[in-house]
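**Student:** return a 3D structure for these sequence lines:
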Amino acid sequence: MNVSTAASALTPATAVDPTKPKSTLSTKKLADIDQSAKEFESMFIGEMLTPMFDTVPTDSEFGGGEAEGTWKSLMIQQYGKQVSAAGGIGLSDSIKAKMIEMQEAAQGKDVTASATQNIQAQSAASLATQVQDSASKAALLTTGGTQ
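**Tutor:** Okay, the predicted model is just below:
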């Protein structure tokens, strides 16, 4: 698998469907959902990068020591934010779509607590699968498409 094939594998599975009616949520609510999804994706990417940086040796001439250990986690968080801001791995689109779906379902008539819990459980299971798929795709990119 080459890099372009691996990159195309990262296309979000839940692209916006033009046949689906627009959301009934307010613009502010949609903006909040979008921001939350992007923040989650950047955190996820940072967590995926952490093991990679754990294997990088410190340079005793220009680094090392207690300060490097303190600041490395903040640097990795920023890397995650930058990767997400540059398009990420497609996870935020899936999360955003699922969050909008859940919010719209909660706005519906006579949504009982058990129905809401059922929706949340289904969404959590779906998101877990999507996270695993995104992690696999990210792993393909970091290994150059070979496993």
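**Student:** how close does residue 103 sit to residue 23?
**Tutor:** 8 Å (Cβ to Cβ, to the nearest Å). From N, CA and C alone the C-beta is placed, and that goes for glycine too.
**Student:** point out where the protein drops to low pLDDT.
**Tutor:** 1-21, 60-63, 109-119, 139-147 (pLDDT under 70).
**Student:** tell me where it has helices.
**Tutor:** 3-8, 27-54, 65-85, 91-107, 113-142 (DSSP state H).
**Student:** would you mind finding the most buried of those?
**Tutor:** Burial of those is given as mean neighbour count (mean count of other Cβ atoms under 10 Å); helix 91-107 ranks first at a mean of 19.
**Student:** which strands and helices lie in contact with that helix?
**Tutor:** In terms of contacts (3 or more Cβ pairs under 8 Å, 6 or more residues apart in numbering; DSSP states H and E), helix 91-107 is packed against helix 27-54, helix 113-142.
**Student:** the inter-axis angle of that helix versus helix 65-85?
**Tutor:** 70 degrees (axes from the mean of the first three to the mean of the last three Cα atoms, to 10 degrees).
**Student:** change the start of the numbering to 855 and stick with it
**Tutor:** Sure, I'll start numbering at 855, so the last one becomes helix 945-961.
**Student:** quick one, which of the helices and strands packed on helix 945-961 is nearest to residue 961?
**Tutor:** When the helices and strands packed on helix 945-961 are compared by Cβ to Cβ, helix 881-908 sits nearest residue 961, at 9.8 Å.
**Student:** ok, the closest residue to residue 890 other than its chain neighbours - contacts?
**Tutor:** Nearest in space to residue 890, with sequence neighbours left out and distances taken as Cβ to Cβ, 6 or more residues apart in numbering, is residue 953 at 6.9 Å. Residue 953 sits next to 887, 890-891 when contact means Cβ atoms under 8 Å, 6 or more residues apart in numbering.
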